[in-house]
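A.B. asks: fold the following.
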Amino acid sequence: MKNLYVISGVTGMTGSELSQQFVAQGHTVIGFDNFFASSIDTVKAIVNNPSFIFYNYDINNLVQMDEVCEKVRSMQSEYHRLVFINCAAVVHTKHFYEVESTFQTNVLAMKDFLERAIALKADTFINCSTSEVYSMQSWNENGGVKESDYLAMSTAEHSQRTSYACGKLMTEFFMKDAVDKKHIKGCSIRFANVYSKHERFAEHIIPHIIDNLLASHVVTLLENSKVNKRTFLHNIDSCRAVMALIESENALDGTVYNVATEEEVTIIELVKKIANKMGIVDVEIKFEGFRKSDPERRLLNTDKIRNRTNWKPIISLDEGLTMCVNSIEK
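C.D. replies: Residues are numbered from 1 along each chain as shown. Have a look, this model is predicted:
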């Protein structure tokens, strides 16, 4: 039976992969994006497919959202399930400090998108949140912070960057409240450092490193990179997590799920791995600038989603970086 999926941020890393997977399975996707952090190239393989209906729209534009919902209303009776997936987010690091932007997109627009899904009697709503909510306490001696661990304000960062994390946290409250009131089924996902072979906007660390290496054999990093470690989640795996949760009835309880890998790597090691794949052996690293309130680690425990679904990451960091390099060099 065919489903109808409505996806915000559809050309972003997770949204684009979801669209291609759903269309390949015979479903229909209605998606929109304003290209704030992506481009149409991420969905070029399906952009002319009749099962992919795309709008160059902004989730903050209520008139445009009215039009999207009218399209959904005209089609939904033909499908078994109507599923909304919110992938829209102000995600570039430099925009974490833009209080108005993060509040508008991540709080007000998400709440409106959720209310529209409920009004259309959608079956399920998946809310893509962020591991940023864990801030400075994003790891512990038990192998990673859990969804049930307290988010203590005493250890949270005290800067405008907190507005991004707090905004996404609010979306999780909206999600849980809607499910508890039996308006809709759904859950929230705290992704950790999603990357994609399509990502060419150098605000994130992997494309930043690649761009530096393409220009010269010198990579410029923040001073924080001398100690920072991260895990990286390929968008194939972030997509698979969304799909696994949609298909797991007991997981759609309004709660939060961590989605991440356990392959922790230092930023300096990451530079060397990418340089090696590009055939560069004499890479030089320079350190300039410092970012306040930047967690040294962001290691998440993923037992919850692994226990409630059959999800586990299948793309290793080595494989994912190879995809990134091969895609760019072609």
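
A.B. asks: from here on, contacts and neighbour counts on C-alpha atoms
C.D. replies: OK.

A.B. asks: shaky segments in the chain?
C.D. replies: The chain contains residues with pLDDT under 70 at 90-97, 135, 137, 152-161, 200-202, 329-330.

A.B. asks: how about the strands in the stretch 1-150 of the chain?
C.D. replies: Here the stretch 1-150 of the chain has its strands, by DSSP state E, counting those that start in this stretch, at 3-8, 28-32, 52-55, 81-86, 124-130.

A.B. asks: give me phi/psi at T220?
C.D. replies: Main-chain torsions, T220, degrees, to the nearest 10: phi -100, psi 120.

A.B. asks: what's the distance between G144 and S129?
C.D. replies: 18 Å (Cα to Cα, to the nearest Å).

A.B. asks: just give the number of residues close to V227.
C.D. replies: Residues near V227, counting by other Cα atoms under 10 Å, number 12.

A.B. asks: same deal with G143?
C.D. replies: Applying other Cα under 10 Å, we find 12 other residues in the vicinity of G143.

A.B. asks: phi first, then psi, for it.
C.D. replies: The phi and psi torsions at G143 (degrees, to the nearest 10) take the values phi 90, psi 20.

A.B. asks: how far away is it from G31?
C.D. replies: Distance of G143 to G31, computed by Cα to Cα: 37 Å.

A.B. asks: and for A251?
C.D. replies: Between A251 and G31 the computed distance is 24 Å (Cα to Cα).

A.B. asks: higher neighbour count, the two?
C.D. replies: The neighbour comparison of A251 against G31 (other Cα under 10 Å) goes to G31, with 24 against 21.

A.B. asks: what sits against that one?
C.D. replies: V6, I7, S8, G9, V10, F52, I53, F54, Y55 (Cα atoms under 8 Å, 6 or more residues apart in numbering).

A.B. asks: in ChimeraX, how would I select just the buried ones from these?
C.D. replies: Only the buried entries of the contacts of G31 go into this ChimeraX selection, using 16 or more other Cα atoms under 10 Å:
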select :6,7,8,9,10,52,53,54,55
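
A.B. asks: out of the contacts of G31, which one sits closest to M323?
C.D. replies: V10 (20.7 Å; Cα to Cα).

A.B. asks: I figured the closest one hits S19, correct?
C.D. replies: Yes: using Cα atoms under 8 Å as the test, V10 is close enough to S19 to be in contact (7.2 Å).

A.B. asks: I'd like the next helix or strand past whichever helix in the chain runs longest.
C.D. replies: Using DSSP state H to define each element, the chain has its longest helix at helix 162-180. Proceeding N to C from helix 162-180, the next assigned helix or strand is strand 185-191, under DSSP states H and E.

A.B. asks: direction included, what does the helix or strand following that next one pair up with?
C.D. replies: Downstream of strand 185-191, the next assigned helix or strand under DSSP H and E is strand 194-195. Note on strand 194-195: by DSSP bridges, its sheet partners are strand 233-234 (parallel).

A.B. asks: tell me who's in contact with the most far-flung residue of the chain relative to its centre.
C.D. replies: Ranked by distance from the centre of the chain (Cα atoms, centre = their mean), the top residue is D282, with 33.3 Å. Taking Cα under 8 Å, 6+ apart as the criterion, D282 is in contact with H217.

A.B. asks: now it: which helix or strand?
C.D. replies: Following DSSP H and E, one finds D282 outside all helices and strands.

A.B. asks: so what's the residue count around T231?
C.D. replies: Applying other Cα under 10 Å, we find 20 residues neighbouring T231.

A.B. asks: next one: the closest residue to it other than its chain neighbours from Q25, what distance?
C.D. replies: In space, and not counting its chain neighbours, T231 is closest to E264: 4.6 Å by Cα to Cα, 6 or more residues apart in numbering. For E264, the distance to Q25 equals 33 Å [Cα to Cα].
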